[in-house]
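In: Turn this into a model:
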Amino acid sequence: MALSAPISAILKPNWCAQQLCINGAVTLVLPCFGGFCAVSAAAKRPLLHLANLSLLPRRGERGLPRACEARNRTGRITVRCRTDASRRKSKLIKGATGDWEVVIGMEVHAQVSSQAKLFSGASTEFGGEANSHVSLVDAAMPGMLPVINAECVRQAVRTGLGLKALINLKSVFDRKNYFYPDLPQGYQISQYKSPIVGEGEVVVDLADGETVRIGIERLHLEQDAGKLLHEQNPDMSLVDLNRSGVALMEIVTKPDLRSAEEAKAFISKLRSVLRYLGTCDGDMEKGNLRADVNVSVRKSGAPFGTRCEIKNVNSIRFIGQAVEHEARRQIAVIEDGGKIEQETRLFDPVKGETRSMRTKEEAHDYRYFPDPDLLPLELAPSLITDLQKGLPELPDEKKARFMRDYSLSPYDADVLIAERETAEYFEEMVAAGSEPKAAANWLINEYFGRLNKDGLTVPGPLSAQANAAILRMVAENVISGKVAKDVLTIAWAEGGDPREIVERRGLKQVSDVGELEKIVDDIVTKNPDKVADAKANLKAIGWFVGQVMKASGGKANPQTVNELLRKRIDG
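Out: Just a heads-up that it's a prediction; the model follows:
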């Protein structure tokens, strides 16, 4: 289908062109709303709209593939592409018969931040009395029809845009049929073949400096189930339907993860992105973010092995432990001559091991079919554009800006941007007059440590302006770095303005040369052996600086002290 619109009108934001060969002609293919556009490299105008095009990595490739094929679903066109992305280094596990590679994919369930459920007006508030947030729709009463919550749809689109994913302008809700006591309908409304969000990616920076790209296969909307309570009655299990019908985004990754550390780093990054977007609060203790972790092992370069799914892991630490145990369990089974059965397993955090729960279902077991009570969901391109314009600055962009504008190291930037509130607190300190590097060091080395120790989160007891005032006094030589920590301790416990604390308690730095000379002379006179050491090795003068600081109660100006000591010892 020929297109006459200018490229800027149809291109999807945040994506770059790839040079491909389509039917023998060199062409640029760019993702746009509703699919891909094939664009003449010379004319820079759209030639063809490939509404059903999907990029398929070759089996065994990771992250951004070296080579891939793309076909539209009618089969009329074949596209081959190559990228310059290098393969990531493998994280191998040693076994009795050699090295093994673990392959991990995740299905992350993120509760949508919304006041009402996906298909009813019932509250999503956490912690209410059992069955107090249940509508007739949630309870599956006869004749009740679902009505889509528009805000949940917008939140899913925002998340897709934040994951740099394709937004499908048309998606379909399906019934996923299975029986469980906490599922009153006897089916779950989900999305199967036509999800609201298509392929995207998450870029993860690892602790060892490696950067990995984790492909997102899809994101779809679905209902949560209720909850079974087994411990409140000795004869029966009780059902709480407060969660029944709550909107979930299921975010499915490609099998691009290769270690427990990668899995933990990925879920941390995804959680950060969701919190920045405001589409999920990421509270794993409440079950608002949980992951089904698919694990398999193989010899390096071999086809994918049989996977086992570890259900409902709701802790980043537990995800890492579950992957480690399951990978080693599978290696032991195979090396002993056994065979891995595709199954669903649970992780026991007390024992640190997984155990079998049931054999793994396949899609046909659920007998999916389009929900007859819900029309296909069709989105206007203008809605996507408006939501894109309203997105906040996300972690990757913020990190790049912090490094560029504030000259921060990658490590410092990573720590500060991990949570949106932390990044905002840092910038408020800079706006209040703190030097950026000093503010970063103070927060990371002093303030955050105290917050963690007391189980608090930003902002904590001190405002950004109060912390900035402490650092400004250090920069102005009003107080020393040591006294700054004392001021923080006092303000933490008692509150108050840091400058008033310094004035009231007489903590100002002593820079009076006459007063400091007396202290220096007294210490030098009493320690002739140390003087000899300092004359032989100037580094030994640090001992005298420490003694002067101690004698002055930490209030002596270190620069003035150093000058006086050098003059006194050298003279």
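
In: show me where pLDDT drops low in the stretch 51-200 of the chain?
Out: The stretch 51-200 of the chain contains residues with pLDDT under 70 at 51-90.

In: Run through the helices of it in chain order.
Out: Using DSSP state H, counting those that start in this stretch, the helices found in the stretch 51-200 of the chain span residues 150-162.

In: contact partners of the helix or strand where Gly320 lies?
Out: Element membership for Gly320 (DSSP states H and E) is helix 316-335. For helix 316-335, the external contacting residues (CB atoms under 8 Å, 6 or more residues apart in numbering) are 93, 95-97, 100, 102, 104, 259-261, 263-264, 267-268, 271, 284, 291, 293, 295-297, 305, 308, 310, 313, 339-340, 345, 347, 349, 352-354. C-beta: built from backbone N, CA, C; applies to glycine.

In: Over to stretch 254-263?
Out: By CB under 8 Å, 6+ apart, stretch 254-263 touches 57, 62-63, 88, 90-91, 101-106, 204, 206-207, 212-217, 266, 293-294, 296, 304, 319-321, 323-324, 327.

In: still on that earlier bit, could you list the alpha-carbon positions for the helix holding Gly320 in PDB?
Out: Extracted in PDB, the C-alpha atoms of helix 316-335 (Å, rounded to 0.1, in the frame of the first residue of the first chain):
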ATOM      1  CA  ILE A 316      14.600  -9.700  43.400                       C
ATOM      2  CA  ARG A 317      16.800 -11.700  45.700                       C
ATOM      3  CA  PHE A 318      14.600 -14.700  45.400                       C
ATOM      4  CA  ILE A 319      14.700 -14.500  41.600                       C
ATOM      5  CA  GLY A 320      18.400 -14.800  41.700                       C
ATOM      6  CA  GLN A 321      18.400 -17.700  44.200                       C
ATOM      7  CA  ALA A 322      15.700 -19.500  42.200                       C
ATOM      8  CA  VAL A 323      17.600 -19.200  38.900                       C
ATOM      9  CA  GLU A 324      20.900 -20.400  40.500                       C
ATOM     10  CA  HIS A 325      19.200 -23.500  42.100                       C
ATOM     11  CA  GLU A 326      17.100 -24.400  39.100                       C
ATOM     12  CA  ALA A 327      20.000 -24.200  36.700                       C
ATOM     13  CA  ARG A 328      22.200 -26.400  38.800                       C
ATOM     14  CA  ARG A 329      19.300 -28.800  39.400                       C
ATOM     15  CA  GLN A 330      18.800 -29.200  35.700                       C
ATOM     16  CA  ILE A 331      22.500 -29.700  35.000                       C
ATOM     17  CA  ALA A 332      22.700 -32.400  37.600                       C
ATOM     18  CA  VAL A 333      19.700 -34.200  36.200                       C
ATOM     19  CA  ILE A 334      21.000 -34.200  32.600                       C
ATOM     20  CA  GLU A 335      24.600 -35.200  33.600                       C
END
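
In: Toward the C-terminus from that helix, list the very next helix or strand.
Out: Defined by DSSP H and E, the subsequent element after helix 316-335 is strand 343-348.

In: quick one, that next one and helix 316-335 angle?
Out: Relative orientation of strand 343-348 and helix 316-335, computed by axes from the mean of the first three to the mean of the last three CA atoms, to 10 degrees: 130 degrees.

In: which strands and helices sit next to strand 343-348?
Out: Contact partners of strand 343-348 among helices and strands, from 3 or more CB pairs under 8 Å, 6 or more residues apart in numbering; DSSP states H and E: strand 308-313, helix 316-335, strand 353-359.

In: Pull out the buried residues from stretch 225-235.
Out: Across stretch 225-235, burial judged by 16 or more other CB atoms under 10 Å covers 225-226.

In: Kindly check the end-to-end length of it for me.
Out: For stretch 225-235, the first-to-last residue distance is 23 Å (CA to CA, to the nearest Å).

In: so for it, what's the average pLDDT?
Out: Computed over stretch 225-235, the mean pLDDT rounds to 87.

In: do the same with stretch 429-437
Out: Per-residue scores along stretch 429-437 average to 96.

In: Secondary structure element holding the residue positioned nearest the centre of the chain?
Out: With distances taken as CA atoms, centre = their mean, the residue of the chain nearest its centroid is Lys269 (1.9 Å). In this assignment (DSSP H and E), Lys269 forms part of helix 260-277.

In: buried stuff in that helix?
Out: 260-267, 269-277.

In: got the contact list for the residue nearest to Gly460 when sequence neighbours are not counted?
Out: Closest residue to Gly460 apart from its sequence neighbours, by CB to CB, 6 or more residues apart in numbering: Leu451 at 4.9 Å. Listed by CB under 8 Å, 6+ apart, the contact set of Leu451 reads 457-458, 460.

In: With respect to Val246, which of the residues you listed is nearest?
Out: Taking CB to CB as the measure, Thr457 is the one of those closest to Val246, at 24.5 Å.

In: In this structure that closest one contacts Glu421, no?
Out: Yes: assessed by CB atoms under 8 Å, Thr457 is found in contact with Glu421 at 7.3 Å.

In: Could you find the closest non-adjacent residue to Ser194?
Out: Closest to Ser194 by CB to CB, 6+ apart is Val172, at 4.1 Å.

In: what do you get for Phe402?
Out: Ala413 (4.3 Å).

In: any idea how far the one you found is from Ser407?
Out: To Ser407, Ala413 is 10 Å away according to CB to CB, to the nearest Å.

In: And the two? Which one has more around it.
Out: Neighbour count, other CB atoms under 10 Å: between Ala413 and Ser407, Ala413 has more, with 23 against 11.

In: Isn't that one up against Glu397?
Out: No: Ala413 lies out of contact with Glu397 (CB under 8 Å); the separation is 11.4 Å.

In: list the helices and strands the one helix or strand the residue nearest to Phe402 maps to packs on?
Out: In the assignment (DSSP H and E), Ala413 maps to helix 410-417. If contacts are counted by 3+ CB pairs under 8 Å, 6+ apart, helix 410-417 sits against helix 395-406, helix 420-431, helix 436-442.

In: for the last one, which positions count as buried?
Out: Counting neighbours by 16+ other CB under 10 Å, one finds that the buried residues in helix 436-442 are 436, 438-440, 442.

In: Can you tell me how far the residue nearest to Tyr366 when sequence neighbours are not counted is from Cys152?
Out: Excluding the flanking residues, the one nearest Tyr366 by CB to CB, 6+ apart is Lys176, at 4.7 Å. Counting by CB to CB, the gap from Lys176 to Cys152 is 17 Å.
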